[in-house]
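A.B. asks: can you look at this prediction? I've put the sequence above it.
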Amino acid sequence: MQSQSDNEKFYITTPIFYPNGELHIGHAYASIVGDIFANMAKLQGKKSYFITGADENSLKIQKNADELNMNIMDFLDLQAKNSQLLFDSLNVSFDEYVRTTNKERHHPAVIEVWNKLKDKGDIYEGYYEGYYCVGCEGFKTEKDLIEGLCPDHGTKPDFIKEKNYFFKQSNYTDKIKDIIKNDIIKIYPESRKNEVLSFIDQGLTDTSFSRPYRGQENVVLVPGDNEHGIYVWGDALISYISGLGYGPVGKDLPESLYNIFWNNNHSQKVHLIGKEILKFHAILWPAMLLSADLPLPNNIVVHGLMQSGGRKMSKSVGNVIDPKEMIRKIGTEALRFYFANNIPIFDDGEITEDLIISNYNSYLSNGLGNLTNRLIKMMISYDVSVNFDNIDKTDLYKKLEGNLINTLKDFDINNYTNSLWKELSAIDLDIQTREPFKLFKINPDEARKIVEDMMIRFFTIIHFIQPVLPKTVPKIIKHIENREMPETPLFPKVEIESN
Ligand SMILES: [Zn+2]
């Protein structure tokens with residue numbers, strides 16, 4: 001058994017996003033949280049790889065392109081460009097953006113896995129008769145529906161009767177149960193793990209794994225049968241390994257990313273997902289990997305959804321928070337901080353403009369921003385020299401490093417961020433109680449010693465804040481090294497606009 005602390009590699013994915021339009025706050029959240037974990041792994045000295053991407057082979061895309069009177073590939077290229085701009089504006093730096101229309105890398109990987117399932121005897125022909133929701137790209141049973149409608153889309157699913165290829169998911173029922181139960185794939189939080197186990201206990205059926213091909217672009221055809229396209233989830237999930245070069249292209253490379261980050265017991269493989277796609281990741285995906293004799297992921301981290309004003313965001317309610325608007329008001333780093341500190345990772349979180357701004361003012365403007373100014377000012381005016389060479393030997397460093405290591409095991413990003421800001425507050429409190437500014441007049445050496453000690457603590461704390469605020473921390477470090485005050489406040493105060 002591999003223990004997680006042995007892992008020197010860290011691989012994290014977000015779901016590939018469905019590119020129907022502008023990316024919304026939910027996408028911003030998942031990509032920022034993924035980015036923070038990837039940064040944390042790097043800070044711990046691990047080799048890390050972070051991928052995100054676009055699910056471009058869905059049947060729905062054609063409709064979106066038609067509405068704009070655009071050729072489908074032009075539409076998808078435009079969406080990919082827009083997503084890239086948004087990710088840049090979020091200070092998210094992923095290593096790979098997978099597009100499932102990539103015929104050189106992605107499609108061959110999908111076909112390779114299909115052929116493996118087929119060779120195993122896990123693909124067979126049959127007839128599917130039942131419901132299909134195009135919104136979900138999912139087959140539905142009567143019990144999935146509420147008053148005949150898809151619970152997620154509120155639309156009546158199509159009733160279809162067609163020839164399909166089926167995947168023998170049921171072959172893997174016992175194995176998957178064992179894998180989930182014994183945390184071979186550890187699902188966070190525990191309640192989601194229990195949800196999967198109780199779903200498995202109801203019995204797994206085989207799953208329809210193809211749809212008749214009607215000439216849509218980009219569909220990956222079933223090998224040897226041009227009348228059928230591979231089911232979109234049988235295609236989309238493969239992005240997690242095609243993004244690493246798995247398949248006919250990747251395997252020619254001896255040290256391919258696939259071998260480093262997936263096909264490697266010393267790599268911690270993490271899927272960050274939303275709860276609505278849990279079953280695809282905790283059941284279908286492991287079944288496919290088992291059938292294809294490929295390694296399993298280690299963790300599935302299920303984050304909650306974001307609400308505003310206690311309600312699901314929707315255009316008709318008028319409570320949609322636009323990430324671009326928030327960035328304009330308070331900046332990207334503040335949005336990243338809010339997600340890490342205030343949105344409970346495993347639960348539904350609340351986001352409103354007022355909440356974001358008031359947190360920004362107290363934690364960043366009055367908190368980190370003010371403290372930076374006070375400390376640098378004392379350092380300059382009392383002529384304090386600080387040696388940062390051995391900060392990693394301090395107890396505080398070891399404590400915060402312990403937090404970092406734990407967070408890459410339990411994914412409690414809220415606790416991580418919160419405890420760093422508690423350490424910042426402790427310095428603030430120390431300034432108030434030890435009053436180095438008064439002491440300086442009586443005993444300047446002693447006052448300098450106090451400020452030096454505070455600077456070392458501060459430097460240590462911001463070192464661990466860097467994954468959350470990747471642009472701010474280097475700026476602060478530069479000011480400290482150059483012994484100069486920030487010319488403008490790092491986080492200028494923002495007034496709450498009352499409605
Ligand atoms: Zn649906």
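C.D. replies: Looks like it came in fine.
A.B. asks: distance of the residue lying farthest from the centre of the chain relative to the ion?
C.D. replies: Each residue of the chain has a distance to the centre, and by C-alpha atoms, centre = their mean the biggest one is for residue 442: 52.5 Å. Separation of residue 442 from the ion (C-beta to the ion, to the nearest Å): 72 Å. (Each C-beta comes from the backbone N, C-alpha and C, glycine too.)
A.B. asks: around the ion, pick out the residues from the stretch 101-250 of the chain.
C.D. replies: Within the stretch 101-250 of the chain, the positions adjacent to the ion are 133, 135-136, 150, 152-153 by C-beta under 5 Å from the ion.
A.B. asks: pLDDT at the residue farthest from the centre of the chain, what is it?
C.D. replies: Per-residue confidence (pLDDT) for residue 442: 96.
A.B. asks: picking that back up, show me the residues of the stretch 101-250 of the chain next to the ion that map onto strands.
C.D. replies: Residues of those located in strands (DSSP state E): residue 133.
A.B. asks: mind putting the residues of the stretch 101-250 of the chain next to the ion into TSV with distance to residue 400 and pLDDT?
C.D. replies: Formatted as TSV, these follow (distance: C-beta to C-beta, whole Å; pLDDT from 0 to 100):
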residue	distance to residue 400	pLDDT
133	47	89
135	44	81
136	42	81
150	46	91
152	41	83
153	45	86
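A.B. asks: reformat the residues of the stretch 101-250 of the chain next to the ion into CSV and put neighbour count next to each item.
C.D. replies: Converted to CSV, those look like this (neighbours: other C-beta atoms under 10 Å):
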residue, neighbour count
133, 20
135, 13
136, 19
150, 20
152, 13
153, 12
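A.B. asks: can you tell me which of the residues of the stretch 101-250 of the chain next to the ion end up in helices?
C.D. replies: Using DSSP state H, no member of those falls in helices.
A.B. asks: determine which two of the residues of the stretch 101-250 of the chain next to the ion are furthest apart.
C.D. replies: 133 and 152 (7.7 Å; C-beta to C-beta).
A.B. asks: is the ion contacted by stretch 268-281?
C.D. replies: No - using C-beta under 5 Å from the ion, stretch 268-281 stays clear of the ion, coming no nearer than 9.6 Å.
A.B. asks: any buried residues in that stretch, and which?
C.D. replies: Residues 268-274, 277-281 are the ones in stretch 268-281 that count as buried (16 or more other C-beta atoms under 10 Å).
A.B. asks: distance between it and the chain's centre?
C.D. replies: 10 Å (C-alpha atoms, centre = their mean, to the nearest Å).
A.B. asks: endpoint to endpoint, that stretch covers what distance?
C.D. replies: Across stretch 268-281, the terminal residues are separated by 16 Å (C-alpha to C-alpha, to the nearest Å).
A.B. asks: do the same with stretch 253-260
C.D. replies: OK, stretch 253-260 end separation, C-alpha to C-alpha: 11 Å.
A.B. asks: list the buried residues in that stretch.
C.D. replies: With burial defined by 16+ other C-beta under 10 Å, the residues of stretch 253-260 counted as buried are 256-260.
A.B. asks: closest to the ion among those residues?
C.D. replies: Comparing those against the ion with C-beta to the ion places residue 258 closest, at 32.7 Å.
A.B. asks: tell me the contacts of the nearest residue to residue 383 once chain neighbours are set aside?
C.D. replies: Closest residue to residue 383 apart from its sequence neighbours, by C-beta to C-beta, 6 or more residues apart in numbering: residue 448 at 7.6 Å. Residue 448 is in contact with 382-384, 440, counting by C-beta atoms under 8 Å, 6 or more residues apart in numbering.
A.B. asks: quick one: pLDDT of residue 485?
C.D. replies: The model's pLDDT for residue 485 equals 94.
A.B. asks: got the contact list for it?
C.D. replies: Contact analysis of residue 485 by C-beta under 8 Å, 6+ apart lists 373, 376-377, 380, 479.
A.B. asks: is it possible to export the residues you listed to JSON lines including neighbour count and distance to residue 168?
C.D. replies: Below are the contacts of residue 485 laid out as JSON lines (neighbours: other C-beta atoms under 10 Å; distance: C-beta to C-beta, whole Å):
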{"residue": "373", "neighbour count": "15", "distance to residue 168": "64"}
{"residue": "376", "neighbour count": "20", "distance to residue 168": "64"}
{"residue": "377", "neighbour count": "12", "distance to residue 168": "69"}
{"residue": "380", "neighbour count": "12", "distance to residue 168": "70"}
{"residue": "479", "neighbour count": "19", "distance to residue 168": "61"}
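A.B. asks: show me those residues that map onto helices.
C.D. replies: Members of the contacts of residue 485 lying in helices (criterion: DSSP H): 373, 376-377, 380, 479.
A.B. asks: let's have these in JSON lines, adding distance to the ion and pLDDT.
C.D. replies: Converted to JSON lines, those look like this (distance: C-beta to the ion, whole Å; pLDDT from 0 to 100):
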{"residue": "373", "distance to the ion": "51", "pLDDT": "97"}
{"residue": "376", "distance to the ion": "54", "pLDDT": "97"}
{"residue": "377", "distance to the ion": "57", "pLDDT": "96"}
{"residue": "380", "distance to the ion": "60", "pLDDT": "96"}
{"residue": "479", "distance to the ion": "51", "pLDDT": "97"}
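A.B. asks: closest to residue 299 among those residues?
C.D. replies: Using C-beta to C-beta, these come closest to residue 299 at residue 479, 37.4 Å.
A.B. asks: show me what contacts the closest one?
C.D. replies: 372, 376, 485-486.
A.B. asks: can we see that at 7 Å?
C.D. replies: 376, 485-486 (C-beta atoms under 7 Å, 6 or more residues apart in numbering).
A.B. asks: which residue ranges form the strands in the stretch 301-450 of the chain?
C.D. replies: Under the criterion DSSP state E, counting those that start in this stretch, the stretch 301-450 of the chain contains strands at 306-308, 311-312, 349-350.
A.B. asks: all set, thanks.
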